[in-house]
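Enquirer: please find the sequence and the predicted model below.
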Amino acid sequence: MKHVDFLYFNLYNYFYRTSQLRPSFNPRMQTMYLFSLGSGGWILLLESLYLHLVKHGRFASKGESTFFAVAIYMLTAVLFHYIFIFKDRDQKIFGKYERQSNKHPMRRWHFAISISVLFLPYVGLLALAIIFPRH
């Protein structure tokens with residue numbers, strides 16, 4: 001759980017610092033929805049790998065797969081909104097790592113790694129679509 005907290009902190013710290021320099025959307029919401037989008041991508045990648053490698057099948061239609069993807073994204077958004085915003089878990093994470101991060105010289109590198117972890121499943125989904133095209 002420590003790695004997930006640190007990943008969330010890197011995103012939150014970036015959006016928090018950006019919001020101080022220019023007017024922007026609420027950094028808590030930006031972080032939560034970006035984290036939700038990345039987590040939903042990981043769930044969809046694992047589901048896609050399961051369907052391709054274990055079941056050797058696909059969804060019956062594009063509409064069915066779209067409905068499933070939207071349901072996953074909505075479920076993760078509601079779950080993370082409850083965990084991070086409603087329960088103030090993000091404030092606890094921010095307080096825990098803030099002192100360490102301000103002194104750390106590689107905080108931009110940590111932010112780049114955090115963004116990469118969240119968008120890596122979409123690269124995997126794109127690769128699966130190229131390798132196993134729909135007929």
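Expert: Cool, the structure landed.
Enquirer: every contact and neighbour count from this point should use C-alpha atoms.
Expert: Fine.
Enquirer: so what secondary structure elements neighbour the helix or strand of the chain with the lowest mean pLDDT?
Expert: Scoring the helices and strands of the chain by mean pLDDT, DSSP states H and E places helix 89-103 at the bottom, with a mean of 74. If you count contacts as 3 or more Cα pairs under 8 Å, 6 or more residues apart in numbering; DSSP states H and E, helix 89-103 packs onto helix 2-21.
Enquirer: next secondary structure element downstream of the helix it packs on?
Expert: helix 27-49 (DSSP states H and E).
Enquirer: CA atoms only for the least confident helix or strand of the chain, dumped as PDB, please.
Expert: Output of helix 89-103 as PDB, limited to C-alpha atoms (Å, rounded to 0.1, in the frame of the first residue of the first chain):
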ATOM      1  CA  ARG A  89      -7.300   9.800   2.800                       C
ATOM      2  CA  ASP A  90      -5.500  12.100   0.400                       C
ATOM      3  CA  GLN A  91      -4.800  14.700   3.100                       C
ATOM      4  CA  LYS A  92      -3.200  12.000   5.300                       C
ATOM      5  CA  ILE A  93      -1.100  10.800   2.400                       C
ATOM      6  CA  PHE A  94      -0.100  14.400   1.600                       C
ATOM      7  CA  GLY A  95       0.900  15.100   5.200                       C
ATOM      8  CA  LYS A  96       2.900  11.900   5.400                       C
ATOM      9  CA  TYR A  97       5.100  12.500   2.300                       C
ATOM     10  CA  GLU A  98       5.200  16.300   2.000                       C
ATOM     11  CA  ARG A  99       8.300  16.900   4.100                       C
ATOM     12  CA  GLN A 100      10.300  14.300   2.300                       C
ATOM     13  CA  SER A 101       9.300  15.400  -1.100                       C
ATOM     14  CA  ASN A 102      10.200  19.100  -0.800                       C
ATOM     15  CA  LYS A 103      13.800  18.200  -0.200                       C
END
